[in-house]
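Participant: coordinates only, sequence not included:
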């Protein structure tokens, strides 16, 4: 309860907190989807849009509060069921606005020669597949771990061998993979 401008107590629902609650987030997962920015690829050394951006759909904290608050004083499952409004969200980067980014050509490439191994080919290929087409806009931070995600079998990674501090041993795909962004530890 919070006082309004006249001092009268009125109910208030923390929509932001409710959206973060696992029970609510799970139920909204089927109707919400993040907007997807356009993806890029190389055509030779030229940058081209591979797939256009796609709109998303979200439930705002305000929409959730508006839908749920009136239901709190009712009883029975049917009476405490309501509809929540969704908002269409737009991608930041689309085929139409991609040219304004000034992407024209490949900036660099990097090759590391490894002795062939099926697990290595699989893991490096999977990581590259997830990284390709990434775009870092000005003032944004890009994360290898966030882009590649968990190194799990479900995400397409497999176990193999790792050489860590010159000791050869089993490699658990959950610890990392042999993908670097052109920098080597010294």
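Facilitator: Done, it's in. Predicted model, so just to flag it, every value in this text is computed and none were measured.
Participant: Please report the distance of residue 44 from residue 3.
Facilitator: Using CB to CB, to the nearest Å, residue 44 is found at 65 Å from residue 3. For the C-beta atoms, the positions are set from N, CA and C on the backbone; glycine is no exception.
Participant: ugh, wrong one, residue 31
Facilitator: 34 Å.
Participant: Quick one, grab the pLDDT at residue 176.
Facilitator: As predicted, residue 176 sits at a pLDDT of 54.
Participant: and what of residue 171?
Facilitator: 57.
Participant: Below-threshold pLDDT in the protein: ranges please.
Facilitator: Along the chain, the model assigns pLDDT under 70 to residues 163-186.
Participant: Need the outlier residue of the protein, farthest from its centre.
Facilitator: residue 6 (43.6 Å; CA atoms, centre = their mean).
Participant: what separates that one from residue 32, distance-wise?
Facilitator: Taking CB to CB, one finds residue 6 at 36 Å from residue 32.
Participant: the helices in the protein, which residues?
Facilitator: Using DSSP state H, the helices found in the chain span residues 15-20, 22-28, 61-68, 118-131, 144-148.
Participant: Any chance of TSV for the ones you listed, columns mean neighbour count and distance to residue 81?
Facilitator: Rendered in TSV, the data for the helices of the chain read as follows (neighbours: other CB atoms under 10 Å; distance: least, CB to CB, whole Å):
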stretch	mean neighbour count	distance to residue 81
helix 15-20	15	16
helix 22-28	11	11
helix 61-68	16	10
helix 118-131	16	39
helix 144-148	13	36
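Participant: quick one: which of those is nearest residue 97?
Facilitator: Closest approach to residue 97 among the helices of the chain (CB to CB): helix 144-148, 21.8 Å.
Participant: From the contact counts, what lies against that closest one?
Facilitator: Applying 3 or more CB pairs under 8 Å, 6 or more residues apart in numbering; DSSP states H and E, one finds that helix 144-148 makes contact with helix 118-131.
Participant: which secondary structure elements does the helix it packs on contact?
Facilitator: Judged by 3+ CB pairs under 8 Å, 6+ apart, helix 118-131 is in contact with helix 144-148, strand 160-164.
Participant: Off-centre distance for the first one?
Facilitator: In terms of CA atoms, centre = their mean, to the nearest Å, the centre of helix 144-148 is set 9 Å apart from its chain centre.
Participant: same deal with stretch 144-164?
Facilitator: Using CA atoms, centre = their mean, the offset of stretch 144-164 from its chain centre is 17 Å.
Participant: And it, what's buried?
Facilitator: Residues of stretch 144-164 classed as buried by neighbour count (16 or more other CB atoms under 10 Å): 148, 151, 156-158, 160, 162.
Participant: and the residue nearest to residue 101 when sequence neighbours are not counted, how many neighbours?
Facilitator: Leaving aside its sequence neighbours, residue 101 sits nearest to residue 93 (CB to CB, 6 or more residues apart in numbering; 7.1 Å). Each residue near residue 93 was counted by other CB atoms under 10 Å, and the total is 21.
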